[in-house]
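K.L.:
Task: produce atomic coordinates for the following.
(2 chains)
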Amino acid sequence: MLRTNHFGIRTGLIKLLLGGMILFPGLELASVGLAENNRVPVQQNTKPVVDFTQQIQPLLAKHCYSCHGPDVQEGGLRLDQSELAFKQLESEATAVVPQHPEKSEIIRRLISKDESEQMPPEGDRLKQEQIDLIKNWIKQGAEWKKHWAFLPLQQKTPPIPKQTQWVKNPIDAFILAKLESKGLSPAPRANRGALIRRAYFNLTGLPPTPEEVDHFINDRSPDAYEKLVDRLLASPRYGERWARHWLDLVRYADTNSFERDGIKPNAWRFRDYVISSFNQDKPYSQFIKEQLAGDELDQVTNETIIATGYYRLGLWDDEPADPLLSYYNELDDILSTTSQVFLGLTLNCARCHEHKIDPIPHEDYYRFLAFFHGMNSYGIRSDQLSYNQTDITSPEVSAMHARIDAQKNNAKKKMHQMEQMAIKKMSGVDQRRSETRQRDKLLKEKLKQYLEPDQYKVYQALQHEMHQQEAQRKKAPPRKMALSVRRSLKEPRETFVLLRGNPNVRGEKVQPGFPEIFGKTEALIPATRKEQQTSGRRRVLAEWIADGDNLLTSRVIVNRIWQHHFGRGIVQSPNNFGQLGVPPTHPELLDWLALEFVKSGQKFKSFHKLIMMSNTYQMSAKFSDQAAAIDPANDLFWRFHMRRLSAEEVRDSLLAVNGRLNLKMYGPGIYPQISKEVLQGQSRPGEGWLNSSEEERARRSIYVFVKRSLITPLLFNFDFADTDSSCAVRFVTTQPAQALGMINGSFVNLQAEYLADRIIEEVDKKHALFVERAIRLAYGRKPLKGEVDTGVRFIEKLIKKHSLKEKQALNYFCLTILNRNEFVYLD
Amino acid sequence: MALEQPSNPQVNQGNQSAGHAQFCRRTRREFLWEAGGGFASVALTGMMSADGFLNSQVVAADGSSKFQNPLAPKDPHFKPKAKSVIFLFMYGGPSHVDTFDYKPKLYGLDGKTITVKTKGRGGEKNEGRVVGPKWKFKQYGESGQWISDLFPNLATCADDIAFIKSMTADSPIHGSAMLMMNSGRILSGFPSLGSWLNYGLGTENENLPGYVVMLDPTGGPISGAKNWSSGFMPATYQGTTMRSQGAPLIDLRRPEGMSKVVQRELLDELKAANQKHQASRAGNSELAARIASYELAFKMQKHAPEAADIATETKQTQELYGLNNPRTADFGRRCLLARRLVERGVRFIQLYSGGNHNDTNWDAHGDLHKNHSFHAGNTDQPIAALIKDLKARGLFDETMIVWGGEFGRQPTAEYAKGTGRDHNSYGFTMWTAGGGIQGGTSVGATDELGAAAVEKPFHVKRLHATILNQMGMDPNRLAYFYGGLNQKLVGVEHTEPIHEII
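P.N.:
So this is what the prediction gives:
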């Protein structure tokens, strides 16, 4: 334990929080073990300056705030604000006396052996080195900083590091200066082969073809790489890749979950909207406003209506046990998603009381909720469309359909009345049947005998009318509908603080407003104009979030962009910038990026380019024992993180390398084949999973229908995003189910066969040529020395020793090619 | 309010919790950051050493840690009573007053309309026509526990069983009630009980999944895979469906035409190529992890079919489970397989009696007699056999069996005619046996109609707490940080196991 210096603790804490938060929560509180294991040089008797933000506040937040924080102040002590921590308590003791750990009650309580006095009162005590850290911090003057994320953005000039020649742009200056301060140097530049794969997957989610690799490697012009980046940013594949990151955040799915897991009609239009927004390089501010208030903007278009589908993507229980609670659960889902995704705040933690950790009072939650209180529930069981489907059909086609609808509804209503009349006279068993899917069958069998003959004639005539109208409909051009907010109220419901989050226990009434940490809570909602259909509240919220001056919006989004370039954010808890989040490894860089993003019009593409042109991005993944000894987690970016492909990238690559990937864009979701065994898990095996043609099934994974209760197994096994709440960081698990699917699964075997077909067609069956081409197609690179021979020997062994037919042997060789680590891991 | 938004404040305040935000409702004693600290001291020390591999996926830099199955065994909080759980899920909701909750007064009221508050899929009602229990009850064993004629075989195990006759749940609707019984919440997105156990304890046998679900041949329960989902935890912890016939696991069978020897050649070739690739990439231990995962998969191909091979069981054992009778053969096979999995260290096994919809499960809305005779008849002998077989093999004490559905049924009829009963989450019966559970006991009671729990009501989370407790996990400490909170299976309120049956 004594070997731990301040640095060891810090990285330990980061792992602790990172592990707990997003990647592998089992590792939370692993700090000591990790610190012990890290090969950190011994620095005895040195007391480096303790960093409050990085080292002390996370400890206090985790161990103390629950009882001495914003919500509860046991013994009158509140440890989340300095003036309160330094003040004398009811007991006359003082928790923190700067420069005097021996007079500080907090230390006495932390080390006390008396059970009635020791802190924390339950669970594990703090580790000795954690206590020492607090002691040292107090000794050094107990410098207190307000939580970094709640402070205004700071305009810092990029530092000037020693190796100035390495600095391509200010990103490098920030990164390098920090590396140098720890005696580290950046890894060498990645070779072109690695770089082009990195750039391709990063921007498009697809591998480069061997020809594209050759072209790049042979392009000796000084701007070869820049041209590559530009080309990829201009590719429509870019939107398909980056849209998926956004869809993870907004818990995109095509169904509602729960018993029926019913379809959300036209959810795919939202998915397409996101793809196209990225491809258009839509400014983030506009992207925000369209999703949060697309129906309340000056210019409402089909596109902005589709964008409000954002609100309709969440879970919806069509048969809630408690409808009122269910409505507030829906709003909670919207509020959680909105506050975490756009602001990096866990506002959801203030639903039942004050936030336990962050200065977010209970009222903040309800003020924020008031912005959404004009929206109705997604629907009710008997009407699953009116509140979430907006007609975006042209007026002419619309009118045509309206006529048909009116006549059909009229007939249907009359028929239903007659049916119910008859059913009431039926036996209990039949009445029950009438409520099941057997209703139609029942009516066919028995309706006639329970109706008077002339009544039955009328019924038949109505039936005929229905059929006729249906025939008409088939002739008309289809209607276009959008999943969206609809019938949002002009006079929203009154909003009350709900005590303990209970919808039946109202506290004080609140108006829409912003969280207190932003300073001003009051939201000015302009008086509604006559022609306005909704309250305009969401627009006020959207404009406030989208404003370049918002404290958190730009920090949160640039962190996400960084995360998807480098494998992790500068803040490693991208949905939580609060005090239980992970402090930024490079706070100055984060603020610089945020300001830069706003300055350049909140556009993504130029920002990607800025990042990708840095030397930081172009480093290799080369390991260094020396660097790892100082910074085992690579927190300071001394090398590039290797990464495993995402679920979509794995599936898309399998299709891409054999040339069968169908690049058709947009439209309703597609259905990959799912085995009978998996479908058997459904209560009605196969229900809600349609057939797509093989050509359609070869489309990119972003177009795969997302059924909440039936995620496509290959995608699921490779850690597809959780669909039920915002997913900021995907897991990266390694498990045998992946291997089984990749070796035995029919999809991968089929793709291997197609790959062999392709190669035979291109270069014939000559084994050496076959092997070479397979390697080139799958990994972009040329074979290494001896690699072709090894492959040839393997193929021949399969043929000779195991008497396989040649094609079978080639198929199996391709299967190994697709299974190699090199296929799914990027340098 | 423009929408038909619920304006129904007459909700049971006890059940009134704000969905998933209910976690926040905590007192100082329950608060989790401390609790998490306690957890670390025991369970996580195990995890730390075992999960260097996953850790390396986070830090991507340690370069030396070996592959460890993320399901490698971890230490419990305290010495466990049970090593495995077999959850016999009577999907659809069996009627407690016709099975184990003897209500003598109810027989005489048959056909009479009485005042009783009920809530089911048909909504809330204040009166209804009583359907008298359709079966006689007798007392069994030394403990004299009441069991209806539906379960002649199980009745012989009366002294092994502890009945909880005052269960309550938050929802009388299948979708949300299933989620609640499996994950403690009425909303989807939360990890199921088996996932929590695998997260907390790992599995003893890395060649088999740690959490196995065996479905009814008619299909899964409603919401399908959501019922064995790992929610916001990694997919590693989700339940794996296993079949008692054919290839037991998905993708376990080699592709047609690929012999075992050829597959081994493929894997060797793959391994050699991967090792070369890895050699020049020091400091990326996840590459080694992936190599090892292929070897583990290869071993599973051998062990899983072997575990599922009930042909090796004696004829006597097979007949004990009713494999010779078409009515009981399927459930019997699955019960037998469950025992074999327990022997092999599988942590959590869930068997569904009933699948699909309506009368293919216990959801007796129309003809109660027909429905329950069928489902009880299919399962009675196999379940009794499971208890007896586990006892004979000395496994009973370390295997906790849980029996029940997502709710019970109402004492009154649902329709004007017929014997069907609607759902009832105000009070119902579940039972447990083995794994340190006190047999021959009964705790809690419903009112004299069986309409609602009146004596010692036990919410579903109390049952969950009991299961965790028997498995050596403190339900109030087993926590997972997500969405800004330390989440727990039992929610934020301090939840005690049901001590009366332990």
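
K.L.:
residue boundaries of the helices in the stretch 301-450 of chain A?
P.N.:
A:302-307, A:323-343, A:362-372, A:395-424, A:428-433, A:439-450 (DSSP state H, counting those that start in this stretch).

K.L.:
how far off helix A:439-450 does the fourth one point, in degrees?
P.N.:
Inter-element angle recorded for helix A:395-424 and helix A:439-450: 60 degrees (by axes from the mean of the first three to the mean of the last three CA atoms, to 10 degrees).

K.L.:
And helix A:395-424, what does it pack against?
P.N.:
If you count contacts as 3 or more CB pairs under 8 Å, 6 or more residues apart in numbering or on different chains; DSSP states H and E, helix A:395-424 packs onto helix A:428-433, helix A:439-450, helix A:453-475. Where C-beta positions appear, they are placed from N, C-alpha and C, glycine not excepted.

K.L.:
tell me which residues of it are tucked away?
P.N.:
A:Met400, A:His401, A:Ile404, A:Lys408, A:Ala411, A:Met415, A:Met418, A:Glu419, A:Ala422, A:Ile423 (16 or more other CB atoms under 10 Å in any protein chain shown).

K.L.:
isn't A:Pro685 right next to B:Gly219, touching?
P.N.:
Yes - assessed by CB atoms under 8 Å, A:Pro685 is found in contact with B:Gly219 at 5.1 Å.

K.L.:
picking that back up, from the buried residues of helix A:395-424, which is closest to chain B?
P.N.:
A:Ile423 (11.1 Å; CB to the nearest CB).

K.L.:
Show the contacting residues for the closest residue to the closest one other than its chain neighbours.
P.N.:
In space, A:Ile423 comes closest to A:Ser434 once its chain neighbours are excluded; the distance is 4.8 Å by CB to CB, 6 or more residues apart in numbering or on different chains. Contacts here follow CB atoms under 8 Å, 6 or more residues apart in numbering or on different chains; on that basis A:Ser434 touches A:Glu419, A:Ile423, A:Met426, A:Leu442, A:Leu443.

K.L.:
likewise A:Lys475?
P.N.:
Listed by CB under 8 Å, 6+ apart, A:Lys475 has no contact partners.

K.L.:
can you do 10 Å?
P.N.:
Applying CB atoms under 10 Å, 6 or more residues apart in numbering or on different chains to A:Lys475 gives the contacts A:Met400, A:Ile404.

K.L.:
which parts of the stretch 401-502 of chain B sit against chain A?
P.N.:
Contacts of the stretch 401-502 of chain B with chain A, taken as CB under 10 Å from any CB of the partner chain, map to B:413-420, B:423, B:425, B:476-477, B:479-487, B:492.

K.L.:
By mean pLDDT, flag the weakest helix or strand of chain A.
P.N.:
One helix or strand of chain A scores below all others by mean pLDDT, DSSP states H and E: helix A:31-37, with a mean of 31.

K.L.:
in the stretch 51-200 of chain B, which spans are helices?
P.N.:
Under DSSP H, counting those that start in this stretch, the stretch 51-200 of chain B gives helices at B:52-59, B:104-108, B:174-183, B:193-201.

K.L.:
Show me which helix or strand of chain B is least confident by mean pLDDT.
P.N.:
The weakest-scoring helix or strand in chain B, judged by mean pLDDT, DSSP H and E, is helix B:32-39 (a mean of 26).

K.L.:
Could you save the helices of the stretch 301-450 of chain A as a markdown table and add columns showing distance to B:His372?
P.N.:
Shown next, in a markdown table, are these (distance: least, CB to CB, whole Å):
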| stretch | distance to B:His372 |
| --- | --- |
| helix A:302-307 | 50 |
| helix A:323-343 | 31 |
| helix A:362-372 | 45 |
| helix A:395-424 | 26 |
| helix A:428-433 | 16 |
| helix A:439-450 | 24 |
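
K.L.:
so how far is the first residue of stretch A:359-377 from its last?
P.N.:
30 Å (CA to CA, to the nearest Å).

K.L.:
Repeat that for stretch B:401-413.
P.N.:
31 Å.

K.L.:
wait, what's in contact with the closest residue to A:Lys408 other than its chain neighbours?
P.N.:
Distance criterion CB to CB, 6+ apart; nearest residue to A:Lys408, sequence neighbours excluded, is A:Gln469 at 4.6 Å. A:Gln469 is in contact with A:Arg403, A:Ile404, A:Asp405, A:Ala406, A:Gln407, A:Lys408, A:Asn409, A:Asn410, A:Ala411, A:Lys412, counting by CB under 10 Å, 6+ apart.

K.L.:
remind me which residues of chain B are low pLDDT?
P.N.:
Filtered on pLDDT under 70, chain B yields the residue ranges B:1-70.

K.L.:
who's the residue nearest to the spatial centre of it bridged to?
P.N.:
Closest residue to the average C-alpha location of chain B: B:Phe87 at 4.3 Å, with CA atoms, centre = their mean. Bridge pairing for B:Phe87 (DSSP bridges) gives the partners B:Gln350, B:Val402.

K.L.:
which residues does it contact?
P.N.:
So B:Phe87 contacts B:181-182, B:193-194, B:213, B:338, B:348-352, B:400-404, B:432, B:467 (CB under 10 Å, 6+ apart).

K.L.:
That one and B:Gly175: what is the separation?
P.N.:
To B:Gly175, B:Phe87 is 19 Å away according to CB to CB, to the nearest Å.

K.L.:
And for B:His369?
P.N.:
B:His369 is 27 Å from B:Gly175, where distance means CB to CB.

K.L.:
more neighbours, those two?
P.N.:
B:Gly175 (25 against 13; other CB atoms under 10 Å in any protein chain shown).

K.L.:
which residues sit in contact with B:Leu266?
P.N.:
Applying CB under 10 Å, 6+ apart to B:Leu266 gives the contacts A:Ile743, A:Phe794, A:Leu798, A:Tyr812, A:Phe813, A:Leu815, A:Thr816, A:Asn819, B:Arg254, B:Met258, B:Tyr294.

K.L.:
just checking, the first one touches B:Val262?
P.N.:
No - contact between A:Ile743 and B:Val262 fails when scored by CB atoms under 10 Å: they sit 11.4 Å apart.

K.L.:
and the two? which has more neighbours close in?
P.N.:
Neighbours per residue, other CB under 10 Å: of A:Ile743 and B:Val262, the larger number sits with A:Ile743, 25 against 20.

K.L.:
With adjacent residues omitted, what lies nearest to that one?
P.N.:
A:Asn819 (6.4 Å).

K.L.:
ok, A:Asn376 touching A:Asn388?
P.N.:
Yes - A:Asn376 is within contact range of A:Asn388, at 8.9 Å (criterion: CB under 10 Å).

K.L.:
Now for these two: what residues contact both?
P.N.:
A:Val485, A:Arg486, A:Arg487.

K.L.:
okay, those residues in CSV with pLDDT, secondary structure and neighbour count next?
P.N.:
Output for these, formatted as CSV (pLDDT from 0 to 100; DSSP: H, G, I helix; E, B strand; the rest coil; neighbours: other CB atoms under 10 Å in any protein chain shown):
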residue, pLDDT, secondary structure, neighbour count
A:Val485, 97, coil, 28
A:Arg486, 95, coil, 23
A:Arg487, 93, coil, 15
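
K.L.:
neighbours of B:Gly427, just the number please.
P.N.:
30.

K.L.:
One more: A:Phe813?
P.N.:
A:Phe813: 24 surrounding residues under other CB under 10 Å.

K.L.:
If we go by neighbour counts, what in the helix or strand hosting it is buried?
P.N.:
Using DSSP states H and E, A:Phe813 sits in helix A:806-819. For helix A:806-819, a neighbour-count test (16+ other CB under 10 Å) marks A:806, A:808-819 as buried.

K.L.:
One more: stretch A:638-648?
P.N.:
A:Trp638, A:Arg639, A:Phe640, A:His641, A:Met642, A:Arg643, A:Arg644, A:Leu645, A:Ser646, A:Ala647, A:Glu648.
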